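[1] Below: sequence and its predicted model.
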Amino acid sequence: MNFENLDGFSYQKILVFGDFMVDEYIDGNVNRISPEAPVPVLDVRSIEKRLGGAGNVVANLRSLGTSVRVLSCIGDDDDGKWLNDELTKLSVDTTYLKQEKARSTIIKIRIVSRFQQFIRLDKERIAPPRSGFSTYVSDNINKILNEISAIIISDYGKGIVTSALSQALIQTAKENNILIIVDPKGNDYSKYTGATLCTPNTYELEVAVGKKIKDENDISEIAGGICRKLDFQYVVVTRAEKGISLVRSNGNKKDFSVTPKEVVDVTGAGDTVTSVLTLGLTLGLPIEECCVLANQAASIVVSQFGVVPVSISELTLEPFLDGSLKQINAEKASLLAKYFKEIGKKTVFTNGCFDILHAGHITSFIQAKKLGEVLFVGLNSDASVKRIKGKNRPIIDEKKRAKLLRALTYVDYVIIFDEDTPSNLIKIIQPDVVVKGKDWEKSYMPEKEIVQKYGGEVVFVDFEKGLSSTSIIEKIRNA
């Protein structure tokens, strides 16, 4: 997959219609039981609010760089004002986000300690919007859909997504060739008739048809039947640790396995899948590629606590973050280094020819890795080694030398460079620490000035005495 295509996200504008709410996290420590009743006492350390429901879809879309317009009705209360303000801070078009005094903004309060939820408190009153809101949408529907590439209907079953409003948007969107992606709720999917794609999870699919899913054939038959009955092009079933299944109207099913990660919290993963699928389709990517992207995005989200949007950096770099792709180019190394700095990880760089890898090299890698969390290793190309060491070198070609380095657990990334010094590579990556041998401490190093200029640090480490590739090669020749 060409992940550079994701730059096109910024040229899209998505309409999000659905149930907006506030997610509140009350976090603290539990060290005692109440004397009043056998319940834990939470010593509150922090209270944080985040966009919830359809708001999480918006947060994902904005994090991925696309423009967003919202359509909904929330309460004319303090939480509604907070929600509106947060969306405005994200540069979201809130022209069609209406506040009603007769409506209360939905709040979900999670009591948390050490990343574990104790209890969730829901403050909600489920009701459709007043008839005046429906009339307003009908009167302004062409303005609402102006410049829109796709609509996401984010239905949390809280009353906003009525059949009348949903169908008005879907039919007008179809007339204007606008994609419609639905994240459904409840057992009445008829209100989504004509949508492009629907993204139920396994349980929601069971609720929709009123029967248990027993095997893979059931998923094909049920999802395929829904496609045909409701004129969907696709149903994408999200299946937790089993990944996602793409089903077409003819019942053909294709499964996409999830990237293995430690699951911390699955909250919001469905919203992430919906957001990424939508953006992939707006870029004209094949539905299969959209599913791969959505799976990768979901695997990132479930490895973090709470409702957290996935970023474009995380999504584009995801294939390089699990340790399976260690050999990269300078451009990718720069993006990775910036990402690691964003999340607070210290980056380290060292370099060499590493022609005949030996114990001294291993010692230097161990010392370098202790200075940070991510180790980039620059490897001189064959042409570079020949210029530095002479026409009979290298003994081992660059592909095999890189392969040896990739096999080392201390080495996170390997970058082959053609220049005689790593100065240009260091300038591109800008690692926090550059590691050199003690023998360079009194010598001129052009890269030292570069490191100091961007605020990095050069550290000199001891190498094992009597060990060098040159001496080993001479010893072999003499033998």
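    That came through fine.

[2] just how off-centre is the host helix or strand of residue 57 within its chain?
    Counting by DSSP states H and E, the element that carries residue 57 is helix 54-63. Offset of helix 54-63 from its chain centre (C-alpha atoms, centre = their mean, to the nearest Å): 12 Å.

[3] And what about residue 395, helix, strand or coil?
    What DSSP: H, G, I helix; E, B strand; the rest coil gives for residue 395 is coil.

[4] wait, it sits on residue 473?
    Yes: the pair formed by residue 395 and residue 473 meets the contact definition of C-beta atoms under 8 Å, at 6.1 Å. Every residue, glycine included, has its C-beta placed from N, CA and C.

[5] hey, what's in contact with both of the two?
    355-356 (C-beta atoms under 8 Å, 6 or more residues apart in numbering).

[6] Which strands and helices lie in contact with the helix holding residue 57?
    strand 13-18, strand 20-33, strand 40-53, strand 67-75, helix 78-89, strand 150-154, helix 269-282 (3 or more C-beta pairs under 8 Å, 6 or more residues apart in numbering; DSSP states H and E).

[7] Compare the mean pLDDT across the ones you listed and name the weakest.
    Lowest mean pLDDT within those: helix 269-282, at a mean of 86.

[8] can you give me the angle that one makes with strand 150-154?
    Per axes from the mean of the first three to the mean of the last three C-alpha atoms, to 10 degrees, the angle that helix 269-282 makes with strand 150-154 is 170 degrees.

[9] State the next helix or strand along the chain beyond helix 269-282.
    Downstream of helix 269-282, the next assigned helix or strand under DSSP H and E is helix 287-301.

[10] Centre of the chain to that next one, how far?
    Distance, centroid of helix 287-301 to centroid of chain: 9 Å (C-alpha atoms, centre = their mean).

[11] can you check stretch 22-39 too?
    The answer for stretch 22-39 is 31 Å, by C-alpha atoms, centre = their mean.

[12] Export it to CSV, keeping only CA atoms.
    Presented in CSV, the C-alpha positions along stretch 22-39 are these (Å, rounded to 0.1, in the frame of the first residue of the first chain):
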residue,chain,number,x,y,z
VAL,A,22,-19.2,14.4,26.4
ASP,A,23,-16.9,11.7,27.8
GLU,A,24,-15.7,12.6,31.3
TYR,A,25,-12.9,10.7,33.0
ILE,A,26,-12.5,10.9,36.8
ASP,A,27,-9.1,9.3,37.6
GLY,A,28,-7.5,8.6,40.9
ASN,A,29,-6.0,6.0,43.3
VAL,A,30,-7.8,3.4,45.4
ASN,A,31,-6.0,2.5,48.6
ARG,A,32,-8.8,1.8,51.1
ILE,A,33,-12.3,0.6,51.6
SER,A,34,-15.0,3.0,52.8
PRO,A,35,-16.0,2.5,56.5
GLU,A,36,-19.6,3.3,55.5
ALA,A,37,-20.0,0.5,53.1
PRO,A,38,-17.8,-2.3,51.5
VAL,A,39,-16.9,-0.1,48.5
